[in-house]
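Student: Sequence and predicted structure are below.
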Amino acid sequence: MDHHSGKSSDHLTINVTRRDDPVSEVTEADAFASVRKYPNIVVRGPLFGLAEQRRGDRPRWRLLGELDTGFPQMARDELNSHLWFKAKDDTEDRTVRRSLLEAVARLETDPVNEVTADGVRYRIVRADEFTRIGDGRLEPPRATDPDDDGWDLDAPDPPSRSKGFVVDHAAAVGLTEGIDRAGLLRLAYTAERFPGDVRADSRRAVTTHPGVVLLPTTFRVVESKELSWSMVTGQYSTPQGARRALVHHLTRPVPQLPDLPDMPELPAWMKVDEKEQAVNERAAKKFMARRRPNELVLRGRRFQVVRVERVMRIGPDGPERPRPSDVDDYGPSKIQPTMDEHGVVTYGD
């Protein structure tokens, strides 16, 4: 791995600027009102993803996609494939391809959180996912959050607002975001539901990575339980994306399988009760008849579209990597066929 110097003190700077345009003023007012109504936060846990730092970007890093995986190894596998396909499709230079494939080979055997290939640093980065809460209710989408009104369940998801996001701690932000970040500087896991080593790593990170950056907001559907919440959908870049995912969850519970001869019968747990399905479809239809609804109650179950934030800790050398207490269910492995420096792929070895 190449060694890079030039560490910056930007991770200690929060640059707050006043924006006088009408859109920014409305957004700031909406944010202030929401923070007053939902003053506390609930941390769900870490998410992992990929970032790169090119020579001209230092000290800034750029996200390569969503931070939406729950385990570091899933992000390492994603990086493995990213570099393999760059070697396959994006270069004819044997030296560049060799550098990319050397990084792939290392990711196949070692649980590393950073590699350098063709002069670019690639890092597995972590962020903590949280939502705001007030009077026992999680924060719904804000009026100023990007949104739409479409209900086409087969339409592509809105473009990611995280992919390409520049992690720049010193970039100018509005007053509300500056206050939010200042309030998150000392954030650490304290709840007893987190194991001791997780809490210890969290406290340590406040010192080793004292800066924080807020990533683009995402949205999920959760089901409210008596003392907790459970996730129903993944994360979406707009509230409407999460609403469509809830409708999909209710009306398309299993894939539509072709009616083929000798097709084995579905197991009982995969079968859908027709009466229950009819109830779900009626509830979904009423939900879709409303404009930008954020709550659905169905047979005593309460589904909510919630606003989800992610905070990334920043140190002198950039975004935080996975912590020792961040666990994996499995280790590194070979996930792509063998390729040589000429781009020749060998299958079946």
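Tutor: Thanks, I have it.
Student: how much space is there between residue 232 and residue 97?
Tutor: 43 Å (Cβ to Cβ, to the nearest Å). From N, CA and C alone the C-beta is placed, and that goes for glycine too.
Student: Quick check: closest non-adjacent residue to residue 49.
Tutor: residue 67 (3.5 Å; Cβ to Cβ, 6 or more residues apart in numbering).
Student: now stretch 32-48, how far from the chain's geometric center?
Tutor: How far stretch 32-48 lies from its chain's middle: 15 Å, per Cα atoms, centre = their mean, to the nearest Å.
Student: buried set for that stretch?
Tutor: For stretch 32-48, burial by neighbour count (16 or more other Cβ atoms under 10 Å) applies to 34-35, 38, 41, 43-44, 46-48.
Student: Of the residues you listed, which belong to helices?
Tutor: Counted as lying in helices by DSSP state H, out of the buried residues of stretch 32-48, are 34-35.
Student: Pipe the buried residues of stretch 32-48 into JSON lines and attach pLDDT and distance to residue 211 per row.
Tutor: Listed next are the buried residues of stretch 32-48 as JSON lines, based on pLDDT from 0 to 100; distance: Cβ to Cβ, whole Å:
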{"residue": "34", "pLDDT": "93", "distance to residue 211": "24"}
{"residue": "35", "pLDDT": "90", "distance to residue 211": "21"}
{"residue": "38", "pLDDT": "96", "distance to residue 211": "24"}
{"residue": "41", "pLDDT": "93", "distance to residue 211": "18"}
{"residue": "43", "pLDDT": "93", "distance to residue 211": "18"}
{"residue": "44", "pLDDT": "91", "distance to residue 211": "21"}
{"residue": "46", "pLDDT": "96", "distance to residue 211": "17"}
{"residue": "47", "pLDDT": "97", "distance to residue 211": "18"}
{"residue": "48", "pLDDT": "98", "distance to residue 211": "19"}
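Student: Go through the buried residues of stretch 32-48 and name the one nearest residue 215.
Tutor: residue 47 (9.3 Å; Cβ to Cβ).
Student: roughly how far is stretch 294-310 from the heart of the chain?
Tutor: 19 Å.
Student: which parts of it are buried?
Tutor: Applying 16+ other Cβ under 10 Å to stretch 294-310 flags 294, 296, 298, 303-310 as buried.
Student: what about it, how long is it end to end?
Tutor: One end of stretch 294-310 sits 20 Å from the other (Cα to Cα, to the nearest Å).
Student: So what does residue 281 have for phi and psi?
Tutor: When quoted as degrees, to the nearest 10, the phi and psi of residue 281 stand at phi -70, psi -40.
Student: residue contacts, the residue lying closest to residue 336 once chain neighbours are set aside?
Tutor: Spatial nearest neighbour of residue 336, chain neighbours left out: residue 84 (4.4 Å); criterion: Cβ to Cβ, 6+ apart. Counting by Cβ atoms under 8 Å, 6 or more residues apart in numbering, residue 84 makes contact with 100-101, 104, 336, 339.
Student: Select from those residues every entry located in strands.
Tutor: Among the contacts of residue 84, the members falling in strands (DSSP state E) are residue 339.
Student: Identify the farthest-apart pair in the contacts of residue 84.
Tutor: Most distant of these, by Cβ to Cβ, are 100 and 336, 11.5 Å apart.
Student: Contacts only, for the nearest residue to residue 326 once chain neighbours are set aside.
Tutor: For residue 326, ignoring the flanking residues on the chain, the nearest one in space by Cβ to Cβ, 6+ apart is residue 72 at 5.5 Å. Contacts for residue 72 (Cβ under 8 Å, 6+ apart) come out as 48, 111, 113, 124, 126, 322, 326, 328.
Student: could you redo the last one with a cut-off of 10 Å?
Tutor: 46, 48-49, 111, 113, 124-126, 321-323, 326-328 (Cβ atoms under 10 Å, 6 or more residues apart in numbering).
Student: ditto for residue 74
Tutor: 48-49, 68, 124, 328-330.
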